[in-house]
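**Student:** Need a 3D model of the sequence below.
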Amino acid sequence: MLSSKRIYIIKTSENELSKFYIDNKKLASEKFIKGKKLKEFILDEDIINYALDVDKKGNVHLIYLTYDGILNYTVYSSKSKYFNVVTIKDNFFPDTLDIKAIENNIHIFYKTDLLYKNKSLLCHYYFCNNNCLDEKMIEINCPKYICPYFLDTNDNNIYMLYCDNYCNHNYKIKKFNLNSNLWEDFDKNIFIENAHNLNFFITPRNIGIISYNKSINKNIQTLIKYKDFNNSNCTWSKDIVISDNTLNSFKPLIFYKENYTYIMWSHGNNIVYKFSGTLTHWSKEYTLNINENTTGAYAYIYTIPPNSNFKINNMYTYCIEHIYSLIQHKLETPHKLNTAYKLNNINSSIYKLPSSNTNLYFDSSSLSKINYEEIICEKNKTIDKINSMNSYLLSQINSLKNDLNDCELIIKKLKSDKLKKEQKLTNDIISYEMEIHNLKSKINDNLITKNNNIQSLLKIIEEKEATIKNLYSLLKK
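**Tutor:** Numbers count the residues shown, from 1 in each chain. Model (predicted):
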């Protein structure tokens, strides 16, 4: 999972590609067929977020969240209508969505913020044997700007890496077995300190890999650690630094092809990668010179054939045409890839100033010894580093702005709902008070009427008693 609002690239069994993304609050699909780009809007509703997956038959399973706080599920391009999966309650709202279509089972994951706690709740909703099961899995102690969980599948198992306690740098892995439909604690103690841009990947050989960025010597570097999931006694490797320490690297991605594991990250407008067959010894750096400002990370969804020696969950690209050039031809062998992209360590001695106690003098003979090309090269490296950092920070700022806009819309919606409910409650209270007042008036009227009737009866009784007295007196005489 790269972010809460991914752009998906789907590859069908006919090698056709479709791109899914949110365009002006609408879910759009973009196809590239015979050199022509075809775009269509899939849903009528305005949506905040969505996620999708493809099953073995090539059906696209889609979940999406509307601005009314309703989470819907549907099978795209089928005649079946969508049906409501989850109606979000007033006290929380999902901010991440994921869906996994494995065999005949659909698994939906979403995270919500607990307003009464400084934590988040991770929920799992799935369809199994025509039954819908909803379970609240775990509470996550993780900042809102950090991606809290990561999913991958292998051998009919779902693995979830999640942040148990960000302050203590503690992560855990849970494993869901599709045969037993039960979760188990697969790994309870994974220590990853001061990491960001995490990515979780399981190779076809069932080797778990965690890649991430970390600041080392004032540069942002790419690191990995791995573990053999086939061996229960195996432990995680030590942190392995993949990128060179002279450049900033951002958002590492992992894919696997023909027994090689590739780590790929962005540097400015270029894509840099390394590969390894052992995970301990890595190749030199290679660069894909794309030079496109719109290069980004896409979720890549496709039907994985049995015993496949190729697996990719995410990729860097800038358009569908570029993806065709990547997947429709076999990758060249590692030693035939692009020329190495590697920079030497910065020689700080050329910037060193003399001591304040040293007398300065001008020696014209030293001019010929100054390596101006090296100074210019180091200057260009520094500019590249600054530009790369600016590009990364701008992308982060834009992402945060989009999240802020969505949060403002959600807050506006919640305030509107709250105002409507308060108004309804106020009207109900007024109505009930009127009913109580009317009932009291009726009771008072009834009491007055009864008192009047009692007084009339008492007067009649007195008159009868006087008549009886008079008759009694006449009888005596």
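**Student:** Let me see the domain layout of this protein.
**Tutor:** Following automatic domain parsing, the chain resolves into domains at 8-336, 372-477.
**Student:** Where does pLDDT dip in the stretch 151-300 of the chain?
**Tutor:** Residues of the stretch 151-300 of the chain that meet the criterion pLDDT under 70 lie in 246, 289-295.
**Student:** What ranges does it have for its strands?
**Tutor:** For the stretch 151-300 of the chain, the strands defined by DSSP state E, counting those that start in this stretch occupy 157-165, 170-177, 182-191, 196-202, 207-216, 219-228, 240-241, 250-257, 260-267, 270-276, 286-288, 296-302.
**Student:** among these, which is nearest C142?
**Tutor:** Each of the strands of the stretch 151-300 of the chain has some distance to C142 by C-beta to C-beta; the shortest is strand 157-165, at 4.1 Å. Quick note: C-beta positions are derived from backbone N, CA and C, even for glycine.
**Student:** Please identify the buried residues of the closest one?
**Tutor:** Residues of strand 157-165 classed as buried by neighbour count (16 or more other C-beta atoms under 10 Å): N157, I158, Y159, M160, L161, Y162, C163, D164.
**Student:** and D23, what is it in contact with?
**Tutor:** Counting by C-beta atoms under 8 Å, 6 or more residues apart in numbering, D23 touches F41.
**Student:** any idea how far K37 is from it?
**Tutor:** From D23 across to K37, the span is 13 Å (C-beta to C-beta, to the nearest Å).
**Student:** do the same with Y166
**Tutor:** 42 Å.
**Student:** who's more crowded, these two?
**Tutor:** Y166 (16 against 12; other C-beta atoms under 10 Å).
**Student:** excluding its backbone neighbours, what's nearest that one?
**Tutor:** What sits nearest to Y166 in space, not counting adjacent residues and going by C-beta to C-beta, 6 or more residues apart in numbering, is C142, at 4.6 Å.
**Student:** What about that neighbour? Give its phi and psi, please.
**Tutor:** Backbone torsions of C142, given as degrees, to the nearest 10, read phi -150, psi 140.
**Student:** before we move on, what about S232?
**Tutor:** Main-chain dihedrals, S232, degrees, to the nearest 10: phi -70, psi -20.
**Student:** ok, now Y149?
**Tutor:** Torsion angles, degrees, to the nearest 10, at Y149: phi -150, psi 160.
**Student:** Tell me the bridge partners for it.
**Tutor:** Beta-bridge pairing of Y149 under DSSP bridges involves Y162.
**Student:** Kindly report the same for I63.
**Tutor:** Beta-bridge partners for I63, by DSSP bridges, are A51, Y73.
**Student:** these two touch, right, I271 and Y262?
**Tutor:** No - using C-beta atoms under 8 Å, I271 makes no contact with Y262, being 10.9 Å away.
**Student:** When these two are compared, which one has more neighbours?
**Tutor:** Counted by other C-beta under 10 Å, I271 and Y262 do not tie: I271 has more neighbours, with 21 against 18.
**Student:** now that one: how far from T317?
**Tutor:** In this view, I271 and T317 are 9 Å apart by C-beta to C-beta.
**Student:** Contacts only, for N154.
**Tutor:** Counting by C-beta under 8 Å, 6+ apart, N154 has contacts I202, P204, N206, F229.
**Student:** for the second one, what are its contacts?
**Tutor:** Under the criterion of C-beta under 8 Å, 6+ apart, the contact list for P204 reads N154, Y256, N307, S308, N309, F310, K311.
**Student:** Name whatever forms a beta bridge with Y212.
**Tutor:** Counting by DSSP bridges, Y212 is bridged to L223.
**Student:** Actually, N270.
**Tutor:** Judged by DSSP bridges, the bridge partners of N270 are H267.
**Student:** I'd assumed M264 was in contact with it.
**Tutor:** No - assessed by C-beta under 8 Å, N270 is found out of contact with M264, at 10.9 Å.
**Student:** the more surrounded of the two?
**Tutor:** Ranked by neighbour count (other C-beta under 10 Å), N270 and M264 place M264 first, with 24 against 18.
**Student:** so I263 touches Y256, yeah?
**Tutor:** No - between I263 and Y256 there is no contact under C-beta under 8 Å: 10.7 Å.
**Student:** Between those two, which is the more surrounded one?
**Tutor:** Between I263 and Y256, I263 has the larger neighbour count (other C-beta under 10 Å), namely 27 against 22.
**Student:** Could you measure from N231 over to G208?
**Tutor:** According to C-beta to C-beta, N231 stands 11 Å off from G208.
**Student:** One more: Y21?
**Tutor:** In this view, Y21 and G208 are 30 Å apart by C-beta to C-beta.
**Student:** Buried ones only from the contacts of N154, please, as a ChimeraX command.
**Tutor:** Selection of buried members from these for ChimeraX, criterion 16+ other C-beta under 10 Å:
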select :202,204,229
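**Student:** Nearest to T303 among the contacts of N154?
**Tutor:** Distance to T303, by C-beta to C-beta, is smallest for P204 among these, at 14.5 Å.
**Student:** Would you map the helices across the stretch 301-450 of the chain?
**Tutor:** Counting by DSSP state H, counting those that start in this stretch, the stretch 301-450 of the chain has these helices, from start to end: 320-327, 372-476.
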